[in-house]
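1. What follows is a protein structure lacking sequence information:
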């Protein structure tokens with residue numbers, strides 16, 4: 001073993017080794033050589049065994065072991081034949097005395113490390129990369145190789161341990177003030193680590209340290225609003241945007257805004273909505289659900305956002321969806337149809353006629369304000385409707401008889417429209433049936449002021465004489481149903497059919513004036529036409545029917561008493577014999593005389609009847625048909641005819 005001062009000069013003698021041949025009587029030469037160890041630093045004289053230095057020796061070099069160099073020296077016997085003989089090796093340790101010729105050195109010129117934010121106190125940083133070796137060394141011995149470690153410029157956020165090392169040390173940088181490590185405040189921290197000898201000379205080495213603060217997911221997403229409140233039309237279409245939800249996150253990368261996902265929406269109607277998990281845009285889904293402000297005016301939901309691509313911290317925000325009323329409800333009438341009755345000539349309905357419709361749109365808006373109008377069915381403008389109240393009134397009195405329709409039923413079938421004031425306006429129609437009740441306001445009317453008829457006195461009983469016919473303008477039965485009767489003047493001679501108005505001669509009646517007392521040839525019948533009104537509502541009209549009875553030649557003339565006429569057979573032709581006198585009770589009768597030869601006969605002296613075939617006696621006498629004078633027309637012969645009876 002040999003001890004030398006560090007950094008001795010080249011060719012410096014170190015030591016001499018000597019080997020002795022144990023053979024007796026044979027003396028061979030011995031050659032020396034270095035067969036192990038740093039031959040580039042040390043050499044040996046092969047003859048003398050003197051070990052010397054071949055280069056500058058550094059105790060702290062890599063070839064040294066704790067400041068010592070170990071050499072293997074071999075001594076080999078040289079035989080006389082020139083060959084190699086026996087050999088022996090020995091180990092020589094050369095200890096180099098330390099000289100403070102080293103300064104502390106870091107194994108890396110700079111260090112890059114990372115630490116998670118919110119790391120607890122004493123948490124070590126993590127060095128990045130294989131070349132980041134947290135070691136420092138100083139191969140000097142003793143005090144010369146003792147150094148202290150400390151940090152500069154870290155603002156007391158970190159500390160290094162150990163704080164002192166001898167020759168070499170593996171160090172660790174760890175958190176000292178955990179509250180200062182916040183990615184959102186500081187992302188990179190730069191400072192210096194110093195290794196300084198404790199000797200008087202006090203050499204030091206510095207290395208830069210860069211520490212990246214690794215973001216931790218320690219911040220939940222923060223919505224840009226404390227709550228979101230939107231107003232949308234209640235008839236929003238599928239796919240339309242309802243709201244845009246936006247959140248930020250102070251963390252970085254996927255822990256921060258980049259990694260925010262809008263993961264859920266909760267609430268009673270959430271299934272009808274679609275939330276884009278990347279953008280936070282909320283749209284109307286394509287479902288059967290539809291908003292209805294009249295049912296629910298506001299909907300309350302919660303929207304959830306999570307960072308770390310939907311797996312990290314979560315936060316929620318309230319979303320209020322207020323519905324804007326849209327005119328989506330038609331006015332609805334309270335009844336399927338309306339009907340009422342009104343009396344003819346009445347200015348009002350029997351009961352007020354009011355149509356009413358409601359609109360389910362929002363109260364107080366034009367969408368729910370209802371107005372009314374008569375759409376059709378009142379072509380003559382007989383009715384008006386209050387556009388606000390819906391009350392229908394007659395526009396003056398109605399005349400049943402002037403209204404169109406069936407005689408028995410007069411009805412207005414009007415269509416009333418209820419419409420709102422929204423834009424566009426929505427409407428509904430309803431049927432309103434107004435039945436007009438006929439009033440007995442028309443008396444029967446005869447077409448003439450009086451009737452005149454002339455009948456013969458011999459008209460038999462039961463014979464129709466004349467028909468009176470009255471009309472009633474009332475439009476319905478029984479008001480327009482007419483019944484007739486003879487009030488006065490019939491004198492049991494006439495009767496009237498109450499339904500048809502036909503006046504006939506009473507059965508068994510005789511109109512012959514000669515048989516009536518007093519004698520009557522003129523009758524004035526007062527005929528009454530009565531409608532079907534009840535009680536005081538019954539209306540009547542009277543008309544005179546003048547019946548004149550004319551004389552009929554229905555009575556035989558009566559001859560005055562005729563005395564027999566005696567004449568001589570020699571009476572001249574043309575001689576006046578007798579003037580016949582006759583009377584007739586028929587009025588204004590004009591009598592004419594003629595001889596009815598069928599009722600006449602002639603007889604001879606024997607009283608025998610003379611036939612015309614025997615003797616034509618018709619030309620014996622002439623009769624003046626006007627005055628009834630009978631004169632001779634031919635010569636008379638008593639022997640032929642004694643007696644002639646003229647009929």
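-> Great, that's in hand. As the structure is a computational prediction, the values presented were derived from the model and not from experiment. Residues are numbered from 1 along each chain as shown.

2. can you count the residues close to residue 447?
-> Counted with other Cβ atoms under 10 Å, the neighbours of residue 447 add up to 10. Yep, even glycine has a C-beta here, placed from its N, CA and C like the rest.

3. What degree of burial does the residue nearest to residue 342 when sequence neighbours are not counted show, as a neighbour count?
-> Ranked by Cβ to Cβ, 6 or more residues apart in numbering and with sequence neighbours excluded, the top spatial neighbour of residue 342 is residue 349, at 4.9 Å. Residue 349: 18 surrounding residues under other Cβ under 10 Å.

4. Surely residue 349 and residue 383 touch.
-> No - in this structure, residue 349 is not within contact of residue 383 by Cβ atoms under 8 Å, at 10.0 Å.

5. so where's this protein uncertain?
-> Applying pLDDT under 70 to the chain flags residues 1-11, 23-26, 59-60, 81-84, 97-101, 407-408, 586.

6. Grab the most central residue of it for me.
-> residue 328 (5.3 Å; Cα atoms, centre = their mean).

7. what residues are up against it?
-> By Cβ atoms under 8 Å, 6 or more residues apart in numbering, residue 328 lies in contact with 234, 235, 361, 426.

8. any idea how far the last one is from residue 419?
-> The one in question is residue 426. From residue 426 across to residue 419, the span is 7 Å (Cβ to Cβ, to the nearest Å).

9. So for these two, which residue has more residues nearby?
-> Using other Cβ under 10 Å, the more surrounded residue of residue 426 and residue 419 is residue 419, with 21 against 18.

10. burial count for residue 305?
-> Neighbours around residue 305, by other Cβ under 10 Å: 26.

11. separation between residue 192 and residue 209?
-> Residue 192 sits 7 Å away from residue 209, going by Cβ to Cβ.

12. For the two, list the residues in contact with both.
-> Shared contacts of residue 192 and residue 209, defined by Cβ under 8 Å, 6+ apart, are found at residue 151.

13. Comparing those two, which shows the higher neighbour count?
-> Legend: neighbour count by other Cβ under 10 Å for residue 192 and residue 209, higher for residue 209 (25 against 14).

14. Now do whichever helix or strand that one is part of: which elements does it pack against?
-> According to DSSP states H and E, residue 209 maps onto strand 204-214. Contact here means 3 or more Cβ pairs under 8 Å, 6 or more residues apart in numbering; DSSP states H and E; on that basis strand 204-214 packs against strand 105-106, strand 110-116, strand 146-152, strand 188-197.

15. would you list those in CSV and tack on distance to residue 56?
-> Listed next are these as CSV, based on distance: least, Cβ to Cβ, whole Å:
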stretch, distance to residue 56
strand 105-106, 19
strand 110-116, 30
strand 146-152, 24
strand 188-197, 22
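
16. closest to residue 293 out of those strands?
-> Closest to residue 293 of the helices and strands packed on strand 204-214 is strand 110-116 (Cβ to Cβ; 51.6 Å).

17. Can you list the residue ranges for strands in the stretch 301-450 of the chain?
-> In the stretch 301-450 of the chain, the strands defined using DSSP state E, counting those that start in this stretch lie at 314-324, 332-333, 337-343, 353-354, 357-358, 370-376, 383-385, 391-394, 410-420, 427-437, 450-456.
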